[in-house]
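J.: sharing a sequence plus its predicted fold:
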Amino acid sequence: MMDLHLADADDEVPSLEGHFLIAMPGMEDERFARSVVYICAHSPNGAMGFVINKSQPMSFAALLTQLGIVESEDDIRLPGHGREISVCAGGPVEKGRGFVLHSSDYDSESTVAVDEAIALTPTLDILKAISEGIGPRVAMMALGYAGWGEGQLEAEIAANGWLTCKADQAIIFDADLDTKYNRALALLGVDPTFLTADAGHA
């Protein structure tokens with residue numbers, strides 16, 4: 001299990017845990033163009049989070065089948081069984097590793113609380129629970145994550161690479177990935193039509 005280094009309350013750097021990063025049009029890293037990132041951990045040592053609006057070719061049912069959790073993709077759709085959840089390309093780091101963001105009504109030994117409403121579980125137990133219909137109320141899966149070293153994220157924000165705002169749970173778990181970028185901007189009252197690379201950050 002990855003050590004998330006959740007920030008302490010007395011850290012001097014204001015924590016962005018539980019916030020969105022919304023890529024500005026001038027984002028130099030093409031991997032993050034028009035991306036919305038949910039930040040799970042942020043401290044003076046760095047930050048990590050998940051891109052929540054970039055699709056992954058493999059469906060959740062196909063992933064469960066590949067992992068041997070269900071025998072076929074149709075199993076998860078049977079009455080009384082599990083359900084499909086979004087599978088996102090969570091970021092460029094450890095792209096073969098899976099993480100599940102979910103509502104806090106599910107808990108296991110490996111679950112880490114991000115805030116009061118959202119938690120993160122990086123182990124197979126939650127995939128089995130979802131496949132059996134006993135998992136969290138809402139969830140999404142990310143393959144890979146986004147990470148920043150000491151001071152790196154702060155520098156990118158200062159250079160107008162990202163807008164920031166408090167995350168919205170409805171946007172995180174919505175299966176309509178294509179609308180998440182504009183909806184996240186709307187949280188700040190920003191119309192993407194008028195957004196330029198020179199705009200200031202929130």
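T.: Perfect, thanks for sending it.
J.: any idea of the pLDDT on residue 11?
T.: pLDDT for residue 11: 43.
J.: list the buried residues for the lowest-mean-pLDDT helix or strand in the chain?
T.: Ranked by mean pLDDT, DSSP states H and E, the helix or strand of the chain with the weakest confidence is helix 60-66, at a mean of 88. Within helix 60-66, the residues that qualify as buried are 60, 61, 63, 64, 65, counting by 16 or more other CB atoms under 10 Å. (C-beta placed from N, C-alpha, C; glycine too.)
J.: hmm, residue 59 and the last one touching each other?
T.: No - counting by CB atoms under 8 Å, residue 65 sits too far from residue 59 to count as a contact (9.3 Å).
J.: got CSV for the buried residues of helix 60-66, with distance to residue 182 too?
T.: Shown next, in CSV, are the buried residues of helix 60-66 (distance: CB to CB, whole Å):
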residue, distance to residue 182
60, 24
61, 28
63, 28
64, 31
65, 33
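J.: so which of those is the closest to residue 95?
T.: The shortest approach to residue 95 among those belongs to residue 63, at 13.4 Å (CB to CB).
J.: got a list of what the closest one touches?
T.: Under the criterion of CB atoms under 8 Å, 6 or more residues apart in numbering, the contact partners of residue 63 comprise 87, 98, 127, 141.
J.: now intersect those residues with the strands, please.
T.: Those of these mapping onto strands are 87, 98, 141, per DSSP state E.
J.: what sits against the residue nearest the centre of the chain?
T.: When the chain is reduced to its mean C-alpha position, the nearest residue by CA atoms, centre = their mean turns out to be residue 50, at 3.4 Å. Contacts for residue 50 (CB under 8 Å, 6+ apart) come out as 37, 38, 40, 88, 90, 91, 99, 101, 142, 145, 146.
J.: does the last one count as helix, strand or coil?
T.: Using DSSP: H, G, I helix; E, B strand; the rest coil, the three-state assignment for residue 146 comes out as strand.
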